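Novice: just a sequence and a predicted model for now, questions to come.
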Amino acid sequence: MIVPIIITDRKAFTMKLNDLKYYQALVKYKNFSQVAAKFNVSQPTITMAIQRLEKDFGTSFFVRDHVHKQLHITPTGKQFAVHVDVILNELRIARQEINQAESSSIRFGLPPIIGNYYFPPLTPLLMREGLLSHLETSEHGSKEILKMLKHGNLDMALLGSLNPLKEVGLKTTELAEYPFKIIVSKHHPLATKKEIDFATLKNERFIVPDTEFFHEQAFKQISHLAHFRPQVIYRTADIHVIKTMVAENLGIAYLTSLAITLEDNIHSLNVTSPLKQSFRLSAVTRSTELLTASKQKLWDLLITKKE
């Protein structure tokens, strides 16, 4: 396969896709024989591929250290490696998108908190519109789902973030914003208060979501600004467990209001200082993907349900 023509100030040239794959592997392994074995080709094949690339760009990407029998990548080689990674990743995503173009399925990312507390009210509408049966749902934390979107492993997702979500290559629409709150047992001394300065909680015991939740980032950020290291007694990926433990007065938690309901039998406090943080919920898809009719229908439905 030939990569489309690349235009420079002086000339036009083409590159073989395999040359780029060989180059990427050589950057990783720094050994011609190892790369040749990986692709089941001869070592001269790898050598000629690298020489073609170096000739096209008029520079050396690698330097051989014959004394120590090592291969070093040059500064221009490192720069080119960044672009090669992007090109090969985009081609891989393009192949996935083309394969998905005829499919009616929608690979949909849904973090647990959003899946449990925001998404359920949408399901009757999705059912009526004939979309629910097309969803292939992946449930992970927002950080993992964002990575899956970038790698082309998902078509669309609902994501949580601390700041407005602006990622290169992604199209995003913010749907809602939910403030972070401190939750305590109704039997806790703080249950008589409506708001709290986070800095006054340095002697409290905290129950926190697992590290795959971006709550971890919010918690670290506000703790740092409050100038203390919280005493964390338990971590879990189950938000229901956190709220149950808080209700039993085993500790307190820092949680988005999206995940707090009247049935939880807990008391929530607004955080006034040193920082007011919010859980920002956004619909996200790749900006390069041409949405099928069913995907476009889902996207339109999601962004018209802004709160």
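Specialist: Arrived safely. Numbers count the residues shown, from 1 in each chain.
Novice: is it true that residue 284 touches residue 160?
Specialist: No: contact criterion Cβ atoms under 8 Å: residue 284 and residue 160 do not qualify, at 10.6 Å. For the C-beta atoms, the positions are set from N, CA and C on the backbone; glycine is no exception.
Novice: and residue 208, what helix or strand is that in?
Specialist: Element membership for residue 208, per DSSP states H and E: strand 205-209.
Novice: list the contacts of that strand.
Specialist: With contact meaning Cβ atoms under 8 Å, 6 or more residues apart in numbering, strand 205-209 is reached by 215-216, 219, 230-237, 239, 242, 245-246, 250-255.
Novice: do that again at 10 Å, thanks
Specialist: Residues outside strand 205-209 that contact it (Cβ atoms under 10 Å, 6 or more residues apart in numbering) are 112-113, 141, 182-183, 215-216, 218-220, 223, 230-239, 241-246, 250-256, 259.
Novice: narrow these to just the buried residues.
Specialist: 112-113, 141, 182-183, 215-216, 218-219, 223, 230, 239, 242-243, 245-246, 251-256, 259 (16 or more other Cβ atoms under 10 Å).
Novice: please identify the helix or strand for residue 34.
Specialist: helix 32-39.
Novice: I should have written residue 160 there, sorry.
Specialist: Here residue 160 is assigned to strand 156-161, by DSSP H and E.
Novice: if we can go back for a sec, joint contacts of residue 284 and residue 160?
Specialist: 142, 145, 146.
Novice: which one is residue 163 nearest to, not counting chain neighbours?
Specialist: Nearest residue to residue 163, sequence neighbours excluded (Cβ to Cβ, 6 or more residues apart in numbering): residue 280, at 7.1 Å.
Novice: show me the contacts for the one you found.
Specialist: Residue 280 touches 159-165, 172, 174-178, 256, counting by Cβ under 10 Å, 6+ apart.
Novice: 8 Å instead, please
Specialist: By Cβ under 8 Å, 6+ apart, residue 280 lies in contact with 160, 161, 162, 163, 164, 165, 174, 176, 177.
Novice: tell me if residue 179 really is in a strand.
Specialist: Yes: counting by DSSP: H, G, I helix; E, B strand; the rest coil, residue 179 is part of a strand.
Novice: surely it is in contact with residue 256?
Specialist: Yes: A contact is recorded between residue 179 and residue 256 when judged using Cβ under 8 Å, the distance being 7.4 Å.
Novice: pull up the overlap in contacts between these two.
Specialist: 278, 279.
Novice: residues contacting residue 26?
Specialist: Applying Cβ under 8 Å, 6+ apart to residue 26 gives the contacts 32, 35, 46, 50, 62, 71.
Novice: so how many other residues sit close to the nearest residue to residue 197 once chain neighbours are set aside?
Specialist: Closest residue to residue 197 apart from its sequence neighbours, by Cβ to Cβ, 6+ apart: residue 273 at 4.4 Å. By the criterion of other Cβ atoms under 10 Å, residue 273 has 14 neighbours.
Novice: centroid-nearest residue for this protein?
Specialist: What sits nearest the mean C-alpha location of the chain, by Cα atoms, centre = their mean, is residue 146, with 2.0 Å.
Novice: in which helix or strand does it reside?
Specialist: helix 142-150.
Novice: residues in contact with that helix?
Specialist: 109-111, 138, 140, 154, 157, 159-161, 167, 169-170, 212-214, 284-286.
Novice: list the buried ones in that helix?
Specialist: 142, 143, 145, 146, 148, 149, 150.
Novice: in helices, which of the buried ones among the contacts of strand 205-209 appear?
Specialist: Using DSSP state H, the members of the buried ones among the contacts of strand 205-209 that fall within helices are 112, 113, 215, 216, 218, 219, 223, 239, 242, 243, 245, 246.
Novice: what is the most widely separated pair among those residues?
Specialist: In those, two members sit farther apart than any others by Cβ to Cβ. They are 112 and 223, at 22.7 Å.
Novice: touching stretch 71-90 from outside, list them.
Specialist: 3, 20-21, 23-24, 26-27, 30-32, 53, 57, 59-65, 151-152, 288.
Novice: pLDDT weak spots in this structure?
Specialist: For the chain, residues meeting the criterion pLDDT under 70 lie at 1-15, 97-103, 306-307.
Novice: and it, what are its domains?
Specialist: 2-101, 106-172+282-303, 177-279 (automatic domain parsing).
Novice: please report how far residue 53 lies from residue 83.
Specialist: Separation of residue 53 from residue 83 (Cβ to Cβ, to the nearest Å): 11 Å.
Novice: of those two, who's got more company?
Specialist: A direct count of neighbours by other Cβ under 10 Å for residue 53 and residue 83 places residue 53 higher, at 21 against 10.
Novice: run the chain-centre distance for the host helix or strand of the more buried one.
Specialist: Using DSSP H and E, residue 53 maps to helix 43-57. Between the centre of helix 43-57 and the centre of its chain there are 35 Å (Cα atoms, centre = their mean, to the nearest Å).
Novice: brilliant, that's me finished.
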